[in-house]
Every structure is written in C-alpha cells, then in structure tokens.
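Asker: Sharing a model prediction with you, sequence too.
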Amino acid sequence: MDKIKKGLGRGLSSLIGEVKVESEKNQLQISDLVPNKYQPRKIFDENNLIDLTNSIKERGMIQPIIVRKSNIGEGKFEIIAGERRWLAAQRAGLHNVPVVITKADDLKSLEFAIVENVQRHDLNPLEEAQGYKRLIDEFSYDQEKVSKFIGKSRSYITNSLRLLSLPEDVIKLIESQKLTAGHAKILVGLDNAGFVATKIIEKKLSVRQAENFVKIFKNRKKSSLTKDTNITALELSISNKIGLNVDIKNNKRNKGKISFEYKDLDQLNKIVEIIKSYY
C-alpha cells in the first residue's frame, strides 16, 4: 500500500485506507472503465487535458486510477478518481492503464471524487470552495479535517469557504473567469460587491487597485456624508492615473472641491507639473 500512496494526494491515500482493496496493483483495458456517475466535475479544461495527454505520451501513466466494479456490465469498472487521466490516456493511445481496485460504496465513491477534485491545481476558486463545503455538509468533515486532508492551512480553507457568501451575480463572474480569486477575496463581505465587481472589470483594475477602490468605499461608510458611487469611481480613476490619493466633494448643485494628497515635495511638484502642463 505504501507504494500506492506515494502517487496519490494525502486525502486520497487516507480514503484508500478506509476501504477494502481487492488489488493493490493492476492493469485494466481502457475500454473496461466507465465514468463515475458521482463525478462532481462535469467539464474538463481542454488545455489541461492536452498537457496531461502529452505528459502521458512521454512518461506513461504514473498515477493509478482508482476504480470499483461496475453494476452496468460484466467486467466493467467504474472510475472513482482519475477520470481526467482516463480521458487523457485514451487520447495518448494507451490500451491499458494502472488501477487500484476498491470496494467503495456509493457514498465513499462520491467522497473520493470530491477529495480528488479539490486537490487539483486548475480548479477555479469557486469549484474548490464548493468541494470543501460538500465534504463538510455531506461527510461531516470540520474545517480542521479538511485542512489536514487537503494539505492546506486552516485559514486557507476558511477564506476559500467565504467566497460562497458572495452574491450570485459576482459568483457567475468568478465562474466565467472575469474575476480572479484575488479579486474575489476583496469582495467578500461588501454590501456593494456587485457594483465593485463591475467597476473592477470595466476599469481592468489589478488586485492592488481594487483594494484601494474598496478602501475608498469603506472610508466613505465611516463618514456621515454619503458620496455618489460615480464620484467615488471618478476618484479612483484619477488616483490610478496620477498615483496619488484624490478626494472629490460634490454637493447637490454640483459644486464642490477636489483635493490631492501628497506625502513629500516630489509628490507636490508632480501635482504642480500636471496642472502646469495643461494650463
């Protein structure tokens, strides 16, 4: 069993130890394997499949596929973990693949599939968080057990799960990769997360610029005066252009003042030069 564990993530190794293993090392024909009906991931990234296919062509199948006997046909085996490797092996032209045959029941099969998915490197942050939540909700894991199983810190798991509290419109932006994980973390807990998300995309803000944008909103919250969101967005736009903090005070009659914050003479001279260059 030790040899098998070396090729698997820590969580999968632990799960294998909880079920009976019929054969620690075996080879099965690719055509004898069928997909896992409990596979929580239905879409596999094409570029990653190409990379894995090329790797298998060069080095062969290093990590075994975990299977159990299927009830859909004699001599068929259902994939518990490793469907992506199975797909890539087909593309690579392999006829046989290494497998670990277990006697996992339906519940354990689903647990295998979830654990394998959350250990992958190409999951988007929401898929990852959803996997952790399923382990907690459906298998009575706590965050500490998830942390140990996956090999991530407890705070990492906590922050990941917080993404699921975001509004549905923001979650869709993350799923479509219009927002990164870094941007998503900034939006957690914001009352106006949807608005900020659209501004991040519209203005193509970096994570650091987005953090500054959020700070502006939080500072305005502390003030008794409410500022129009368009004015706040304009402040950020100017700030990003010149690299200095900007404050715009605008009343109902559209009268007010604009202030630039500088921290040394160089920054003051920069403001003066900008004004001079246009007047």
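Answerer: Good, I have the coordinates.

Asker: any idea what sits nearest Arg134, other than its immediate chain neighbours?
Answerer: Nearest non-adjacent residue to Arg134, counting by C-beta to C-beta, 6 or more residues apart in numbering: Ile114, 5.3 Å away. (C-beta placed from N, C-alpha, C; glycine too.)

Asker: next helix or strand past whichever strand or helix holds that neighbour?
Answerer: Assigned by DSSP states H and E, Ile114 belongs to helix 106-118. Counting by DSSP H and E, the next helix or strand C-terminal to helix 106-118 is helix 125-139.

Asker: In PDB, list the C-alpha atoms belonging to that next one.
Answerer: Below are the C-alpha coordinates for helix 125-139, written out as PDB (Å, rounded to 0.1, in the frame of the first residue of the first chain):
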ATOM      1  CA  PRO A 125     -11.700  29.200  -6.600                       C
ATOM      2  CA  LEU A 126     -15.500  28.500  -6.500                       C
ATOM      3  CA  GLU A 127     -15.200  24.900  -7.500                       C
ATOM      4  CA  GLU A 128     -12.600  24.500  -4.800                       C
ATOM      5  CA  ALA A 129     -14.800  26.100  -2.200                       C
ATOM      6  CA  GLN A 130     -17.800  24.100  -3.300                       C
ATOM      7  CA  GLY A 131     -15.800  20.900  -2.900                       C
ATOM      8  CA  TYR A 132     -14.800  21.800   0.700                       C
ATOM      9  CA  LYS A 133     -18.400  22.700   1.500                       C
ATOM     10  CA  ARG A 134     -19.600  19.300   0.200                       C
ATOM     11  CA  LEU A 135     -17.000  17.500   2.400                       C
ATOM     12  CA  ILE A 136     -18.300  19.500   5.400                       C
ATOM     13  CA  ASP A 137     -22.000  19.200   4.700                       C
ATOM     14  CA  GLU A 138     -22.300  15.700   3.300                       C
ATOM     15  CA  PHE A 139     -19.500  13.800   5.100                       C
END
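
Asker: Quick check: the residue lying closest to Lys69 once chain neighbours are set aside vs Ser109, distance?
Answerer: When the adjacent residues along the chain are set aside, Lys69 lies closest to Phe77, with 6.0 Å between them (C-beta to C-beta, 6+ apart). Note on Phe77: its distance to Ser109, by C-beta to C-beta, to the nearest Å, is 12 Å.

Asker: joint contacts of those two?
Answerer: Arg68 (C-beta atoms under 8 Å, 6 or more residues apart in numbering).

Asker: So those two - more neighbours on which side?
Answerer: Between Phe77 and Ser109, Ser109 has the larger neighbour count (other C-beta atoms under 10 Å), namely 23 against 20.

Asker: in a helix, that's where Gly189 is, yeah?
Answerer: No. With DSSP: H, G, I helix; E, B strand; the rest coil as the criterion, Gly189 is located in coil rather than a helix.

Asker: Flag the shaky bits of the stretch 101-250 of the chain, pLDDT-wise.
Answerer: Applying pLDDT under 70 to the stretch 101-250 of the chain flags residues 117-123, 217-227.

Asker: now do 80
Answerer: 104-124, 127, 139, 149-151, 216-229, 232, 240-241, 243 (pLDDT under 80).

Asker: What is the burial count for Gln29?
Answerer: Gln29 has 12 neighbours, counted by other C-beta under 10 Å.

Asker: Roughly how far does it sit from Val170?
Answerer: Per C-beta to C-beta, Gln29 is found 45 Å from Val170.

Asker: what's the answer for Gln27, then?
Answerer: In this view, Gln27 and Val170 are 47 Å apart by C-beta to C-beta.

Asker: So if I had to pick from those two, which one is more boxed in?
Answerer: Set Gln27 next to Val170 and count neighbours by other C-beta under 10 Å: Val170 wins out with 23 against 12.

Asker: Is there a neighbour count for Thr158? I'd like the number.
Answerer: Other residues lying near Thr158 total 13 when counted by other C-beta under 10 Å.

Asker: secondary structure element for it?
Answerer: Using DSSP H and E, Thr158 maps to helix 154-162.
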